[in-house]
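In: Based on what follows, work out the 3D shape:
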Amino acid sequence: MAEFTMPSLGADMDEGTLQEWLVQPGDLVHKGDPVAVVETAKSAIEVECFATGRMGELLVEPGTTVPVGTPLALIEPTAEGAGRPGKAEEEPPVRPAPAPVSPAPVSPTPVSAPTAGQDGGHIEAGPLVRHLAEQTGVDLEAVRGSGPGGRLTRTDVERAAVATTAAGQARVRATPLARRLAAELDIDLATVTGTGRDSTVRAADVREAAPGPAAPPPRHVAAPTPPAHPPEDRTAAMRQAIAALMTRANRDIPHYYLSTTIDMAPAMDWLHEHNRRSPVTERILPAVLLLKAAALAAREVPALNGFWADDHFTAGEGVHLGVAVSLRGGGLVAPALHDADALGLRELMTGLKDLVARARTGRLRSSEVSDPTITVTNLGDQGVEAVFGVIYPPQVALVGFGRVVDRPCAVDGLLGVRPVVTATLSADHRATDGATGAHYLMAVDHLLQNPEQL
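Out: Presented below is the predicted three-dimensional model:
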C-alpha cells in the first residue's frame, strides 16, 4: 500500500493546507487524476495522483496544514485490469441469476425477509461494506447479497445507493466535503453546477450556490471558506514566500546575465500574414512566437534546460516551459507548458490562454507548478523593454523578453526602421558559462528570423 503525501509544489514550499478532497475512500484513481486541492502561500492547486490504485483511508482532514512529505492518504494497489469502481477483490465476476443480467448497473431487488446466507436475520457483510452503507444511507436489510452465501458486497451497496437516488433525482457527482456542506446548508446538489473534473460538484460550488450575501459554512465544517485567508493576508504571505525564495536564489546561485537585440521584422511579417488568413479563433499573439522560440532553443541547448541539485546538473526530461504569470491580487506564479517545443503555435496559444486563466483563478495542477525546466518572463505588455530576472531554483536559467518596439536599424548597409525585441538570459554559472548562454540566445535569434520553422 502506497502513501499519498503532501507534495512539494515549488522550492519555496515547506508546508501546505489540505483544502478539499476530490475523491473518497474506495474510488479508483489513475496516475495524473486530481485527488485533492492544496493551498500554498501562492495559490490553491489541484494535486494529482502519482499512481493508479484505489483510494484507501484519508489520513488528513480538510483545513489541516501539514509539512511537505506528510502522508495524506493511502492508495491500495489494484490488479491489472481491475477497472470497475467499487468491485471488491473477493467478489465473483457474475452473480448467477435465472434471467439475463445486463452489464450496466441495475437496481438491486428489495426483499422483506433475510436472504439466503442471512441466518435468522443476520446480515452477511464486512465492516467496509457496512461503513459504505452508513455513508450512503442504504438499508442493508433491503439489499440482496450477490456474494458467496448471500454475502453483501460493495457493488450491492453502491447499486442500492443509485437505486435510492434514482427514485427522486439522478445521483450527483460531488466530493465528500461538498456533500457534507450541502447537507449543512440545506442545498440540493442537483441544482448546483459542478466545476470539478467530469462536472463534479466541489465545496466552492456549493458555497457559490448558497443563498444570502455571504453564506459561510457552518462553524463545525472542517474546510475553511476559500480563500482560506483574507486577500490581504494571502498577498502578504505570497510576498513573503517570493522574497524568501528570491533571497535564497540571489545568495546561492552565481548568476550571469546576457542580452541581445533581435530583429522581429521577419517574425512580425509572417505573423500578420498568418492572422490575416486565419479566423479570429485561430489567430496567435507575438508572445507565442517568443515562447516557441525559447522552447526550441532550450531543446537545442539542453545544458540550460534542467536542474541544479546535489552539486550537479540534471537535464530535464522534455522542455517544460515555465511561464511567469502575474496574479490579479499581486504576486506571481510560473506554471509549466509541458513539452512546449513539440506544440504547434495554435496548440501553444490555446495552452497559454488556458494556463493563464487557471493560474488567476486558483485552478492549477501540481504537475504544472512542480516541474518547469526553464522559465520565460515577458513584460512586453507592461511597456518594459528589457527584463533581467532571478533564476527560479532548482532551474538553471530564466529567459526574459521585453516589448517589441520600432527602432532605427542598419540592414544590408541601409538604414531603416524595424521592429526589435530585447531578449535576455539569466543563467547559473555552476551549470554553464557565457559561451553556452550566447549559443542559446543565438538560437532564439535564428528561429525568429525563420518563423516558418516555429
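In: For the longest strand anywhere in the chain, buried residues please.
Out: Using DSSP state E, we find that the single longest strand of the chain is strand 414-428. Residues of strand 414-428 classed as buried by neighbour count (16 or more other CB atoms under 10 Å): 418, 419, 420, 421, 422, 423, 424, 425, 426, 427, 428. For glycine as for every other residue, the C-beta is placed from the backbone atoms N, C-alpha and C.
In: Determine the set of other helices and strands touching that strand.
Out: Under the contact definition 3 or more CB pairs under 8 Å, 6 or more residues apart in numbering; DSSP states H and E, strand 414-428 sits against strand 255-263, helix 265-277, strand 397-401, strand 405-411, helix 434-449.
In: Of all those, which one is nearest residue 240?
Out: strand 397-401 (21.1 Å; CB to CB).
In: looking at the helices and strands packed on strand 414-428, which has the lowest confidence?
Out: Per-stretch mean pLDDT for the helices and strands packed on strand 414-428 is lowest at strand 405-411 (a mean of 90).
In: quick one: that one to strand 255-263, angle?
Out: 80 degrees (axes from the mean of the first three to the mean of the last three CA atoms, to 10 degrees).
In: how does the chain divide up, domain by domain?
Out: Per automatic domain parsing, the structural domains of the chain span 119-166, 255-453.
In: least reliable of those going by mean pLDDT?
Out: If the domains of the chain are sorted by mean pLDDT, domain 119-166 sits at the bottom with a mean of 66.
In: phi, psi of the most centrally placed residue in the chain?
Out: The residue lying closest to the centre of the chain (CA atoms, centre = their mean) is residue 365, at 1.2 Å. Here is the backbone geometry of residue 365 (degrees, to the nearest 10): phi -110, psi 160.
In: I'd like the distance from it to residue 46, if you could.
Out: To residue 46, residue 365 is 5 Å away according to CB to CB, to the nearest Å.
In: which residues sit against the top helix by length along the chain?
Out: The longest helix of the chain (DSSP state H) is helix 231-252. Identification of contacts with helix 231-252 by CB atoms under 8 Å, 6 or more residues apart in numbering yields 10-13, 40-42, 227, 229, 327, 329-332, 390-393.
In: Please indicate which of those residues are buried?
Out: Neighbour-count burial (16+ other CB under 10 Å) is assigned, among these, to 10, 12, 13, 40, 41, 42, 327, 331, 390, 391, 392, 393.
In: Assign a three-state SS to the second one, would you?
Out: So the one you mean is residue 12. Secondary structure state of residue 12, per DSSP: H, G, I helix; E, B strand; the rest coil, is coil.
In: That one against residue 43, yeah?
Out: No. Counting by CB atoms under 8 Å, residue 43 is not a contact partner of residue 12; they are 11.9 Å apart.
In: where does the stretch 1-150 of the chain dip in pLDDT?
Out: Low-confidence segments of the stretch 1-150 of the chain, defined by pLDDT under 70: 79-132, 134-137, 147-149.
In: For it, just list every one of the strands.
Out: Per DSSP state E, counting those that start in this stretch, the stretch 1-150 of the chain carries strands over the ranges 2-5, 15-21, 28-29, 34-39, 44-48, 53-58, 65-67, 71-76.
In: Adjacent strands (with direction) for the third one?
Out: Taking DSSP bridges as the criterion, strand 28-29 sits next to strand 53-58 (antiparallel) in its sheet.
In: for the nearest residue to residue 346 once chain neighbours are set aside, phi and psi?
Out: With CB to CB, 6 or more residues apart in numbering as the criterion, residue 346 has its nearest non-adjacent residue at 5.9 Å, and that residue is residue 282. Phi and psi for residue 282, reported as degrees, to the nearest 10, are phi -110, psi 10.
In: Next, work out how far apart residue 282 and residue 276 are.
Out: Taken as CB to CB, the span from residue 282 to residue 276 is 12 Å.
In: the more surrounded of these two?
Out: residue 282 (13 against 8; other CB atoms under 10 Å).
In: Quick check: the more buried one touching residue 347?
Out: No. The criterion here is CB under 8 Å, and residue 282 misses it with residue 347 at 11.0 Å.
In: Pairing-wise in the sheet, spell out the partners of residue 407.
Out: Under DSSP bridges, the beta-bridge partners of residue 407 are residue 418.
In: measure it to residue 417 for me?
Out: Using CB to CB, residue 407 is found at 7 Å from residue 417.
In: what does residue 189 give?
Out: Noted for residue 189: a distance of 62 Å to residue 417, by CB to CB.
In: all strands of the stretch 251-400 of the chain, in order?
Out: Under DSSP E, counting those that start in this stretch, the stretch 251-400 of the chain gives strands at 255-263, 306-309, 312-315, 321-323, 325-326, 332-333, 336-337, 364-365, 374-378, 397-401.
In: and the angle from the longest one to helix 231-252?
Out: By that I understand strand 255-263. With the same axes, to 10 degrees as the basis, strand 255-263 and helix 231-252 are set at 100 degrees to each other.
In: Who does strand 255-263 pair with, and is each partner parallel or antiparallel?
Out: When pairing is defined by DSSP bridges, strand 255-263 lines up against strand 414-428 (antiparallel).
In: could I get the partner strand in CSV with only the CA atoms?
Out: Coordinates of each C-alpha in strand 414-428 appear next as CSV, following Å, rounded to 0.1, in the frame of the first residue of the first chain:
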residue,chain,number,x,y,z
LEU,A,414,20.8,50.5,-45.4
LEU,A,415,19.2,52.4,-42.5
GLY,A,416,15.6,51.8,-41.8
VAL,A,417,13.0,51.4,-39.0
ARG,A,418,12.3,47.9,-37.9
PRO,A,419,10.5,46.1,-35.0
VAL,A,420,13.0,44.7,-32.5
VAL,A,421,12.8,42.9,-29.1
THR,A,422,15.4,42.7,-26.4
ALA,A,423,16.0,39.1,-25.3
THR,A,424,17.9,38.4,-22.0
LEU,A,425,19.2,35.4,-20.3
SER,A,426,19.9,34.9,-16.6
ALA,A,427,21.9,31.7,-16.1
ASP,A,428,23.6,29.7,-13.4
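In: and the strands of the stretch 251-400 of the chain as a markdown table, adding distance to residue 59?
Out: Converted to a markdown table, the strands of the stretch 251-400 of the chain look like this (distance: least, CB to CB, whole Å):
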| stretch | distance to residue 59 |
| --- | --- |
| strand 255-263 | 41 |
| strand 306-309 | 29 |
| strand 312-315 | 32 |
| strand 321-323 | 31 |
| strand 325-326 | 32 |
| strand 332-333 | 28 |
| strand 336-337 | 29 |
| strand 364-365 | 22 |
| strand 374-378 | 34 |
| strand 397-401 | 37 |
